[in-house]
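1. Got a predicted model here, sequence first, then my questions.
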Amino acid sequence: MLIKICGITIPETAIACLESGADFIGLVHYPPSPRHLAPRQMHEILDAVAPYNRKSVLVVVDQLPDESLVSRFSLLQSYGKTKHKAVVPAMHVVKSFDTYTRLLASPIETDDYYVLEMSTGLLPGGNGTAWDWATAKAFCERYRTFIAGGISPENVAEVVGAADPFGIDVSSGVESSPGVKDMNKVNRLIANVRRAAPT
């Protein structure tokens, strides 16, 4: 099972997360978010993690940074009405049951990544709010799905057991304050995922 630590704000944290076993890191470009990064900060983090050869995800809402920066990422996770060229593959976000139902009924087979965030809140992401993860199981059986929203070291094993996802996507659940990752929590979350899904 893969693990994405999202909302990283400094190079040192990005490196620490990857060295702890994270498979993906997410960087946010959205000024209202406490995890927002300017392009210069993103370049610094991407430079720092380049030797690790892991996937990096650009998280945006409505507006993209410069295309030369976008092209440095492995995947683009977009919210709102973002219009973009296919510079990098999309990490599709599913936040409504209408979209969930439509995709489950679709005859199209795909290897794309999906992020399932069925919680609600003020910001476009999972907002740290737990939801009924068991409802995601059918979706996870069909698509390469990362579950997000309300996940913490304490409940991640429950998420794994309920939905059996392709991956876990966490941000606020491993923070000491908004935008500041707590490496003790990161390490415990990763250890608990590996224990719950050892293969």
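-> Cool, got the structure.

2. Show me the residue sitting in the middle of the chain in space.
-> In the chain, the centroid-proximal residue (CA atoms, centre = their mean) is D169; its distance is 4.1 Å.

3. What helix or strand is that residue located in?
-> strand 167-170 (DSSP states H and E).

4. thought V87 was touching S68?
-> No. Using CB atoms under 8 Å, V87 is not in contact with S68, being 9.3 Å away. Where you see a C-beta, it was placed from the backbone N, CA and C, and this is true even at glycine.

5. and the two? which has more neighbours close in?
-> Taking neighbours as other CB atoms under 10 Å, V87 and S68 compare with V87 leading, 15 against 10.

6. give me every residue that touches that one.
-> 67, 70-71, 76 (CB atoms under 8 Å, 6 or more residues apart in numbering).

7. ok, of the residues you listed, which one's closest to F97?
-> Minimum distance to F97 across the contacts of V87 is 23.8 Å, recorded for L76 (CB to CB).

8. What is the burial count for that closest one?
-> Applying other CB under 10 Å, we find 20 residues neighbouring L76.

9. OK, contacts around it?
-> Neighbours of L76 in contact, by CB under 8 Å, 6+ apart: 57-58, 60, 64, 70, 84, 87-91.

10. which stretches of this structure have low pLDDT?
-> 81-86, 119-129, 198-199 (pLDDT under 70).

11. any chance you could map the helices in it?
-> Along the chain, the stretches classed as helices by DSSP state H are 11-20, 39-49, 67-70, 97-105, 137-142, 156-163, 183-196.

12. Turn these into TSV, including distance to H29.
-> Shown next, in TSV, are the helices of the chain (distance: least, CB to CB, whole Å):
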stretch	distance to H29
helix 11-20	15
helix 39-49	7
helix 67-70	9
helix 97-105	23
helix 137-142	27
helix 156-163	26
helix 183-196	22
